[in-house]
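K.L.:
build me a model:
(4 chains)
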Number of protein chains: 2
Amino acid sequence: MPTRSTPKASHPRGPIRSQVLAFVRERLAAGSPPTVREVQQAFGFKAVESARQHLEALVAEGRLAKEPGRSRGYRLPAAGGPAANIRLVPKLGRVQAGALREAIENPDRWDPEAWLPVETPGTGEELFALTVRGESMTGAGILPDDVVIVRRQDTARDGEIVVALVRDEATVKRLRLREGRLELWPENPAFAPLVFAPLVSAPDTEIRILGRVVEVRRRLA
Amino acid sequence: MPTRSTPKASHPRGPIRSQVLAFVRERLAAGSPPTVREVQQAFGFKAVESARQHLEALVAEGRLAKEPGRSRGYRLPAAGGPAANIRLVPKLGRVQAGALREAIENPDRWDPEAWLPVETPGTGEELFALTVRGESMTGAGILPDDVVIVRRQDTARDGEIVVALVRDEATVKRLRLREGRLELWPENPAFAPLVFAPLVSAPDTEIRILGRVVEVRRRLA
DNA sequence: TGACAATACAGACATATGTCTGTTTTAATC
DNA sequence: GATTAAAACAGACATATGTCTGTATTGTCA
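P.N.:
Coordinates of the predicted model:
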């Protein structure tokens, strides 16, 4: 009669392996992948090798990737295509326009109120997040209190939704380039568009483009 | 005359520290935080301690957090309460209703088309994501091709937005409980509400609640 | 210039961690 | 029951990694 405390061996190739995968995924998203021994503990294995066998099997199946030798070297199979490029983006919050400019230009000394996990293809892009105020973009499905994730850039193309600094006020609008003019259109008939003379945005002008909205998020209580 | 190759010591409390922070953030988002020696190499320090001092200083300043003793133990300052509980949620895609049911009940054997990083407070919640079809919820700011993140649950409260299985068709609607009836209301005047007799959803009924929408996401190209 | 603090360096140590070898247990199959 | 493959176990080893102590360098300020 064995003294095994865990009945986990009863499944030939059962869900334990998938549970290990899920565990690694969780830890990966939470900050860093687990060590082999952490997997061991989490599943109550009495030997390190038990955990390692599952991990290596997952690697062999292509469901996990790893960097051999490194500690906490298990990764998501980046090649396969699933979510590999996750970055944490600082949420600058309901910040005033002036502070926004400061925060975007000196992101290092800014203390974000939160960090949002965002999946992004590029590595060089500079991203930040903002909470939307007002109802000027409801027509585009952007409601008050929605969070927009913004790719920092000084210019944008016609039709893109941008975050702009207008006379020291930050707003989210759709950009229109018409006959040499730069226009910011709300997506709500109750609001009027803003029209500006210069075609390009530049520092020390009344309008300046801070970035392009690449994602919209809304949490429902 | 010193033989220092790096002029990095010229700034009393300068941007090097912030560069280290940025480096840690990058590596953190890329998969796992760096080791002290990886920071050392990245900045060309000739001693491990140089890197460690920067890291510890960042921790002391509250700009970084750490789990002492652990390898790759540097984290983002989760102390404030923000993004600590990030999970990867399977996106089941534009799946047919029948397959949806199968996928939700047997998540292990389902191969999701993608994984989304989601910040969630609870650990026990079962989450999945779906791509929205149709324009029936545009009034609630949910547009076609938006991704909804759903907390799996069999019941819901009046006014909540739910994912329901109606005669083997999956839809997103707002739930209304009126005079003993269960109603699914679109948020678009061009669509009509669905009304059902039973107050609670149950298997093998013409209507069944699969979960509650907890987040909406939209990626802008 | 001299004192002082911050930073960088050098070397070592204790531990965490990945990895290996061999054995035992479990479950399935004939 | 015997055979077999998968899984779990036990113990050890080599290395990666965090940490410590002491010293040297650099820049600042009086």
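K.L.:
after the helix or strand bottoming out on mean pLDDT in chain A, next one along is what?
P.N.:
Across the helices and strands of chain A, mean pLDDT, DSSP states H and E gives its lowest value to helix A:97-105, namely a mean of 61. For helix A:97-105, the following helix or strand on the C-terminal side (DSSP states H and E) is strand A:114-119.
K.L.:
in terms of secondary structure, what does that following strand contact?
P.N.:
Applying 3 or more C-beta pairs under 8 Å, 6 or more residues apart in numbering or on different chains; DSSP states H and E, one finds that strand A:114-119 contacts strand A:86-91, strand A:127-131, strand A:147-152, strand B:114-119. For the C-beta atoms, the positions are set from N, CA and C on the backbone; glycine is no exception.
K.L.:
any chance of those strands in TSV, with mean pLDDT and distance to DNA strand D too?
P.N.:
Shown next, in TSV, are those (pLDDT from 0 to 100; distance: least, C-beta to the nearest atom of the strand, whole Å):
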stretch	mean pLDDT	distance to DNA strand D
strand A:86-91	79	19
strand A:127-131	89	26
strand A:147-152	93	30
strand B:114-119	81	23
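K.L.:
and of the ones you listed, who's closest to A:Pro15?
P.N.:
With C-beta to C-beta as the measure, strand B:114-119 is the member of the helices and strands packed on strand A:114-119 nearest A:Pro15 (17.8 Å).
K.L.:
got the angle for that closest one vs strand B:147-152?
P.N.:
Angle, strand B:114-119 to strand B:147-152, by axes from the mean of the first three to the mean of the last three C-alpha atoms, to 10 degrees: 70 degrees.
K.L.:
what lines up beside strand B:114-119 in the sheet?
P.N.:
The pairing partners recorded for strand B:114-119 under DSSP bridges are strand B:86-91 (antiparallel).
K.L.:
quick one: contacts for the most centrally placed residue in chain A?
P.N.:
For chain A, the residue nearest the mean C-alpha position is A:Val118 (1.1 Å; C-alpha atoms, centre = their mean). If you count contacts by C-beta atoms under 8 Å, 6 or more residues apart in numbering or on different chains, A:Val118 has them with A:86-89, A:127, A:129, A:149, A:215, B:117.
K.L.:
per-domain residue ranges of chain A.
P.N.:
Following automatic domain parsing, chain A resolves into domains at A:13-75, A:86-217.
K.L.:
nearest to B:Val48, of these?
P.N.:
Per C-beta to C-beta, nearest to B:Val48 of those: domain A:13-75, 15.4 Å.
K.L.:
so how far is that closest one off the chain centroid?
P.N.:
With C-alpha atoms, centre = their mean, to the nearest Å as the basis, domain A:13-75 stands 24 Å off its chain's centre.
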